[in-house]
Each structure stands twice: as structure tokens, then as C-alpha cells.
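Enquirer: please find the sequence and the predicted model below.
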Amino acid sequence: MLLDDLNVEQRLAAECNEGPVLIIAGAGSGKTRTLTYRIAHLIEKGVDPFNILALTFTNKAANEMKERISELVGDKARYIWMGTFHSVFSKILRIEADRLGYLNTFTVYDSEDSKGLIRSIVKEFNLDEKVYNKSFILGRISMSKSNLISAQDYIDNPTFASEDRSINKPYIGQIYREYNSRLRRAMAMDFDDLLFNMNVLLRDYPDLLLKYQEKFKYILVDEYQDTNYSQYYIIKKLSARYRNICVVGDDAQSIYAFRGANIRNILDFQKDYPDSKIFKLEQNYRSTKNIVNAANSVIERNIGKIEKKVWTDNDLGKKINYKECDSDKNEAKWICNTIVDRKLNDDAKYKDFAILYRTNQQSRSLEESLRFMNIPYRIFSGVSFYGRKEIKDVLSYFRLVVNNFDDEAFLRIINFPSRGIGETSLNKLKIIAAENSISLFEAAMTLDSQSGISTRTVQLIIDFVTAIRVFTLELSKIDAFELGVKIISKSGIIKFLKNDEDPISAERIENVEELINALQAFVESEEDAILDELTGEEISLNNKTLDVFVQQVSLMSESDRDDDKDDDRVSLMTIHSAKGLEFPYVFVCGMEENLFPNVLSLGSRVELEEERRLFYVAMTRAKKELALSCAQMRFRNGQMAFNEKSRFLDDVDPKYLSDEFFNSKSSKKSNPFAQETNFGLSPKRKLSKIDLPLPKPIGGVPVESMEDFSEGMEVCHDKFGLGKIVCLEGKGDDMKAEVMFESAGLKKLVLRFAKLKLKK
DNA sequence: AGGTACTTATAGAGT
DNA sequence: ATAAGTACCT
């Protein structure tokens, strides 16, 4: 019997098919397993897979779950609608595009496109770009859309109006409205529109509401703690008829409030559905007792949470390894050494290790060390493949072919590679487009001698749009691979890169080639699912054409990309992207104040608690061994930063930590200046010199000024001991020295901080 | 119009 | 440190 593989609670949760169900699933409690069996069970009981909608947090999670369900119930699993909110609803929006006055070839603007558009609007409004910071404005618009506040609602709302006036930005509402009409003109939606417009569809078209209520008789939502209001409302409406709504989540792992996720959605589920059944999965199957208990001791510090007790039957395991390093470089080195050691003595594979960090930029020093040690690795975050310049350029060609109205794509490639269409002509074209409320492409197509643009340039522009039009006409005739390759070769991007001497260009060509491979893989991939047996109208969406490729790619994240599971590599990623994953050995590095918790989250308890949940997520990724590390100084944003150890380290109950923690802790206590002297101000720990370990009075003569140092001089350092200056660079506060120490080896020191003394 | 040299903003997680 | 934007010169 299918459900025999589950424990009692899991099984009860999986069997309870009808009505609203809330599953609170602690970290490592077999949530995916339960969901998988729940869906398989539904199908076994005779529910048509067409009637199941399962929403996951990443496309990868969806694909994996689908595979596992196929193993249980066979091929029909592929008819389940499964994917992220954004991908599933963008599919539906494409099917119903005409209701909203859109073509089904609409493109999805990423945040870069959105910011570009906001910037042009701010300029056109003659507003100060510094006051109307594009990221800030987009954040405001995004928050509004996620809460189903339209531009008109925003403008009419007196609270927003006075708020915006008080921060000296009274025109945000107007920008919001213009932004939306320009999106529409470009036949584009931004990420939030995919959810907002889905709500519009369900609100304004009762026939569609009924159609999708009937289609999705069974709805499941994973990671429910990270849904925003807009997502919540779609689910609420779709499930209103059959009320078979099952949500799964863990409030302790809610880490996306910054993106508008509302933890109240999961906390208030029982209020929304008073007849709902609740199941708590509290047994952890993933980690050792030490890890589970240590993580519990951390999360207990948070005030706002659902009470639950995660426990495990697993072995006690090792204590949590703690390492304090002097620099980010040595932190990376220590991690590499530990990996090599475990591989040797523990018979581990590279793919058993993950290195997690708070911010993407931390990957750099790690990469250097890994490469130096010849350890194979893979970065799962950072500048995503699809975010790279050359890939965005190529995709902009694709986008413009698919949707001629796509202004941001147009602007990106109209003169790249350069074809003699300069700023002056482009500005004239922009004015024509604005005056007639048409897209740049339309304006370009109708250019004539009246435009004020030189005849030669007009011809160049016409040539460009004509070439794009030719490809557009081929869209439905040839597949994505064939057309994509044609466009790339015609675009001249490869030629441009080949002529470029910059060594980075060779890498860029490789990336374009990888995109071509992705096109091929897309064309050869199996049909994912037939969309709708009832209407049949969406068959064309399943073709392997370029528009479908572009649609898919624009909603893809780095972690969704194909990877060889057999590839034996160490994984590097942010803690956010590690959500839902597990590894035998986990390193959480950069455990420092201002980095983790991040300096931007220190302002409020709510934000600090989210950071702490993030730490909880990081810890609970580990199955067998967990290591925490920090560095006294770290290269960050172009300069050396000195930070205290993270307060989160003190949140971990010391009985689960290795001895090294106490040794380093006592050294901290011996520093009388480590006490905060904030004069009764908010208890923020600040970056400041007094946080540094004070020099211990060992031999040596302090210098009068930095200029007293010279190459070859013998010096004394509190920590590294005796050494000789190899070379000096910079001057004043920025003066640095490379010093060869007798015991510690070659170090590069910032003299202002190193407190070197002359040898007696 | 296009390229180079300088200036300035941005350094938080990601659909 | 890096990317993007601007000024200025061919």
C-alpha cells in the first residue's frame, strides 16, 4: 500500500483528501515526501490529474516532485499542473490574454527592465533621479501590486499621498500609473503583474473563475509561509468552490518578507477556514540530534511563531564546528582544508558539501581557495546565467522578435552591436513614440523624411526593424533552435565578441554557445503537459517555438537550471537559495555582525527575526555535520571591513558547540573595549575601530607615523609575531604592507589597523 | 556617431 | 571593486 512508507502524522496528513488542510512541517520532517504521497494517493483514488494544481517555490522543486509522483503512479503524473505561482499563472494569462487586451506573445519584464523603464519615466517627468531612486520606486510599486493596490488606488489613497509627501516624493503614484501604461504599450508584464493580472482575470470574468475552479478541484501549495497577499487571494478564489485546499509550510522558515511575503497567511489559515484540519510534522529525519537541538535553541529566541517541537530519533552526531578566522581568505582556506579532510577520513564525496553564505559577493574568496585547492565546485547563485550581459543581449533579440512592442528589448539592441544609430536619432524616435503613444518599434516602422532624422539613419533603422519582422514571421514556422541560431548569427553578436580583445569575450562566446545548447535541449525535451483537455485552444502554446522558450526562460532562476546530479562538486549558494535542500556537510560562513545579520536588517525586531529564521534555515540544511565560521576582517565593497562575531553565535546553546568556541569567546572577554559604548542610543553594534582586538603589550616600539615604515624593516605583530616588510604600497590611511612573518607566512596588512611595531 | 576617460552610484536575499 | 552613466575628443 502506497501510504505505508509514511509515519502516522504524515500519513494522516496525506490521507485527508477533502476540505481545507494545513500542514505545519518542521525542517527535515519529510514534507516533500508527504506532499508527493498525498498527490499520488489522490490519483490512486481516482482523481483526474488534470484537476490537480500544485504550486511550489521553484520550478526545480516542481519537476522533482513530478518525477517522484510518476514513480508512484506512472505517466499520468505529467498532466498535473505543477510549478511556481509565476510560471503557472503566466501560462494561464497567455491562454486568456485577449481578455486583458494582451496578445499571448507578451513578454515578462525582469527587474532590470522595470528599473530601466522607471528611469526613463522619471527623466521624462523632469524629476530628480536621486530623489526618485529607481530601485526605491520599483520597490514601492512592487509592494503595491503584491497587495492588489492598483495605480489608481494608490493615487486615491490619502495615507500614501501624505506618506510620499513627507519623504519628498509626491509623484510616486503618477509614476506608477505611467509605468503601467508603458508596460501595456510594450505588451509586457512585470513579475508582480503575473499575479495581479491573474487576480483581475478571476475578479472580472466569472466564466473564467468558474472554469478554473472546475479545473483545479484539488489545490496544494508548498512553502505557504512565503506567499504574498496577491498569491493568497488567487488561491482563496480558486479554491472557493470545492474547498480542497491544502497548504504546507513552516513559519520558522519564512524568509521572504522583504519581497512582500506575509507570514499572516499561514498564521491565519485557521481563521479563514474554521473547519480546516491541522497536522504538525515534528519528527526530523534529516539531521543529527545536535543539529536539530542547536537549531531549536536559535529559533526559540524569536517571539512571533507557532509553537512546535521539532525532534529527531537520529544519532547524537558531532558537535557543531566553530571556527574564527582572521580574514575571509583564511576562512575559505579553513573550509577547503576541512573538506579535504572529511573527504579523506570520512569517505565523503564533494557533492556532500555545501558552503552557504548571506550575500552573493562572499563567493569570490571561496572560489579562489577552491580553485587553488583543485576542489570542483558549482555556484548556484551569483549573477545568474540569464542575468549575464551577453545572454540578456541575445534574449533581447529573441524578445523583440517574439514581441515587437517590447521597448526595453528594443533599446538594448537597437545599436548593439553598433550599427550607426546614435543617441540623437534615438531620442527623436522616442519623442515620436511618446507623442503617438506607440511603441518604439511601431514608431520605427513608420519613419519617413518628416521625422527629422537623417535619411541614412532612417534607412539603418528601417533595415533593423525589417530584419526583426522577417524573423517574427518565421516564429510559428520553424522551431526555437533553428530560429534562435538564425537570429544570433544575424545579430552579429558573436562576430562582435570575436573581434573584441578583452579576454572576457571568449567566455562570453561560450555562454552564448551554452544558450544555443539550451535551445536545443528545449526543442528536444519531452512534452511537459497538455494544457487543457476541455478547450483545446492552448495547443499552440505547447509548440517548441521561440516564444515559448522566451516565456520559460524569463521565469527561470539559477537553481532551476539543469545540473548533472552525478556531478561530484561542492555546492556554493546563498542561504535563500538553499531553502528546501539538504547536504551531509554544511558550512555557514561569514557569521559576522553587519553581514549576518545584515546591517540593513538591524533596524527592527521584525527584520532581525527574519534574519534569525534565515540562520535557522541554514543550520537545518545539514544532515551530518555543521560548521559555522567568521572572519575578523573581510574584503567587502572594495575595502577591508572589520566586524564583531555575529550575535547569532550567542543564540546557539553552547552545549552543542565545539570547544573552540569557548576559547575564542574568552579572548573576546579579555578585551575591555569590546563593551558597547553607545551612550544610550539604540543598541546597534557598529562597525568601529574599538571592536578590534586590542594589541597585547608584547615587545616592540610603536611607530610615530606610517611613514616610519620601510621595506626590509623588521616588525612585530600582536598575533603573527615577528616578520619582515616585503613591500609597501599606498599612503596615509590606505597604506598597506606585505609582511613575511616567521611563523604565519606572508600577510598583506592595512597599516592603519595592523598596529605593527618596530623590532627592538 | 563612436570610443575613451573620467565620474558616480551601488554595493540584500530572487520570482 | 564594479558597473553604469556622462563628458569630451576624434
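Expert: Sure, I can see it. Numbers count the residues shown, from 1 in each chain, chains lettered A, B, ... in the order given.

Enquirer: from the stretch 401-550 of chain A, which residue is nearest to DNA strand B?
Expert: residue A:422 (2.2 Å; CB to the nearest atom of the strand). All C-beta spots, glycine's among them, are computed from the backbone N, C-alpha and C.

Enquirer: name the element the residue lying closest to that residue once chain neighbours are set aside belongs to?
Expert: The shortest distance from residue A:422 to any residue other than its chain neighbours is 7.1 Å, reached at residue A:415 (CB to CB, 6 or more residues apart in numbering). According to DSSP states H and E, residue A:415 maps onto no helix or strand at all.

Enquirer: and for residue A:415, the neighbour number?
Expert: 17 (other CB atoms under 10 Å).

Enquirer: ok, it touching residue A:425?
Expert: No - under the criterion of CB atoms under 8 Å, residue A:415 lies out of contact with residue A:425, with a separation of 9.2 Å.

Enquirer: list the residues that contact the residue of the stretch 301-450 of chain A found nearest DNA strand C.
Expert: When scored by CB to the nearest atom of the strand, the stretch 301-450 of chain A has residue A:389 as its residue closest to DNA strand C, at 6.3 Å. Residue A:389 sits next to residue A:508 when contact means CB atoms under 8 Å, 6 or more residues apart in numbering.

Enquirer: look up how far residue A:493 lies from it.
Expert: Here the distance between residue A:389 and residue A:493 works out to 11 Å (CB to CB, to the nearest Å).

Enquirer: do the same with residue A:183
Expert: Taking CB to CB as the measure, residue A:183 falls 27 Å from residue A:493.

Enquirer: and if you look at residue A:167?
Expert: When CB to CB is applied, the distance between residue A:167 and residue A:493 equals 42 Å.

Enquirer: of those two, give the one with the bigger neighbour count.
Expert: Neighbour comparison, residue A:167 and residue A:493: the larger count goes to residue A:493, with 21 against 10 (by other CB under 10 Å).

Enquirer: what sits against the more buried one?
Expert: With CB under 8 Å, 6+ apart as the criterion, the residues that contact residue A:493 are A:390, A:393-394, A:397, A:416-417, A:512.

Enquirer: repeat that for 10 Å
Expert: For residue A:493, the contact set (CB atoms under 10 Å, 6 or more residues apart in numbering) comprises A:390, A:393-394, A:397, A:413, A:416-417, A:487, A:508-509, A:512.

Enquirer: following element in sequence after the helix or strand containing residue A:457, please.
Expert: Taking DSSP H and E as the definition, one finds residue A:457 inside helix A:455-474. Per DSSP H and E, the first helix or strand lying C-terminal to helix A:455-474 is helix A:480-491.

Enquirer: show me what that next one is packed up against.
Expert: Taking 3 or more CB pairs under 10 Å, 6 or more residues apart in numbering; DSSP states H and E as contact, the helices and strands that helix A:480-491 lies on are helix A:389-402, helix A:455-474, helix A:493-499, helix A:504-524, helix A:546-554.

Enquirer: reformat these as JSON lines; add mean pLDDT.
Expert: As requested, those are arranged in JSON lines below (pLDDT from 0 to 100):
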{"stretch": "helix A:389-402", "mean pLDDT": "93"}
{"stretch": "helix A:455-474", "mean pLDDT": "92"}
{"stretch": "helix A:493-499", "mean pLDDT": "84"}
{"stretch": "helix A:504-524", "mean pLDDT": "88"}
{"stretch": "helix A:546-554", "mean pLDDT": "91"}
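
Enquirer: what about stretch A:274-292, how long is it end to end?
Expert: Between the opening and closing residues of stretch A:274-292 we find a distance of 32 Å, counting by CA to CA, to the nearest Å.

Enquirer: coming back round to it: count the residues that sit near the residue of the stretch 401-550 of chain A closest to DNA strand B.
Expert: Taking other CB under 10 Å as the definition, residue A:422 ends up with a neighbour count of 11.

Enquirer: quick one: contacts for it?
Expert: The contact partners of residue A:422, taken as CB under 10 Å, 6+ apart, are A:415, A:457, A:460.

Enquirer: and if you look at residue A:293?
Expert: Contacts here follow CB under 10 Å, 6+ apart; on that basis residue A:293 touches A:287, A:310-312, A:316, A:652-653, A:655-656.

Enquirer: re earlier: tell me, what's touching residue A:415 and residue A:425 both at once?
Expert: With CB under 10 Å, 6+ apart, residue A:415 and residue A:425 have common neighbours A:460-461.

Enquirer: just the CA coordinates of stretch A:209-219, formatted as PDB?
Expert: Extracted as PDB, the C-alpha positions of stretch A:209-219 are listed here (Å, rounded to 0.1, in the frame of the first residue of the first chain):
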ATOM      1  CA  LEU A 209     -13.400  32.000 -12.400                       C
ATOM      2  CA  LEU A 210     -15.800  29.100 -12.800                       C
ATOM      3  CA  LYS A 211     -13.600  27.400 -15.500                       C
ATOM      4  CA  TYR A 212     -10.500  27.400 -13.300                       C
ATOM      5  CA  GLN A 213     -12.400  26.500 -10.200                       C
ATOM      6  CA  GLU A 214     -13.800  23.500 -12.000                       C
ATOM      7  CA  LYS A 215     -10.400  22.700 -13.400                       C
ATOM      8  CA  PHE A 216      -8.400  22.900 -10.200                       C
ATOM      9  CA  LYS A 217     -10.600  20.900  -7.900                       C
ATOM     10  CA  TYR A 218      -7.600  20.000  -5.700                       C
ATOM     11  CA  ILE A 219      -5.100  22.700  -4.900                       C
END
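
Enquirer: show me which positions of that stretch end up buried.
Expert: Buried residues in stretch A:209-219, counting neighbours by 16 or more other CB atoms under 10 Å, are found at A:209, A:211-213, A:215-219.

Enquirer: would you point out the most distant pair within these?
Expert: With distances taken as CB to CB, the most widely separated pair in those is A:209 and A:218, at 17.0 Å.

Enquirer: interface residues of the stretch 251-400 of chain A facing DNA strand C?
Expert: On the criterion CB under 7 Å from any atom of the strand, DNA strand C has as its neighbours in the stretch 251-400 of chain A the residues residue A:389.

Enquirer: run through the residues of the stretch 251-400 of chain A sitting next to DNA strand B.
Expert: Residues of the stretch 251-400 of chain A lying near DNA strand B (CB under 7 Å from any atom of the strand): A:258-259, A:358-361, A:381, A:384.

Enquirer: tell me the most packed of these, by neighbour count.
Expert: Within these, residue A:358 tops the neighbour count with 23 neighbours, counted by other CB under 10 Å.

Enquirer: show the pLDDT at it.
Expert: In this prediction, residue A:358 carries a pLDDT score of 95.

Enquirer: same deal with residue A:536?
Expert: If you check residue A:536, the pLDDT there is 39.

Enquirer: what do you get for residue A:635?
Expert: 88.

Enquirer: give the next helix or strand downstream of the helix or strand containing it.
Expert: Secondary structure here is read from DSSP H and E; on that basis residue A:635 sits in strand A:622-636. Proceeding N to C from strand A:622-636, the next assigned helix or strand is strand A:639-642, under DSSP H and E.

Enquirer: what comes up buried for that next one?
Expert: Buried positions in strand A:639-642, judged by neighbour count with 16+ other CB under 10 Å: A:640-642.

Enquirer: which one of those residues sits closest to DNA strand C?
Expert: Looking at the buried residues of strand A:639-642 and their distance to DNA strand C, the nearest is residue A:640, at 9.4 Å (CB to the nearest atom of the strand).

Enquirer: pLDDT value on that closest one, please?
Expert: Note for residue A:640: predicted pLDDT of 86.
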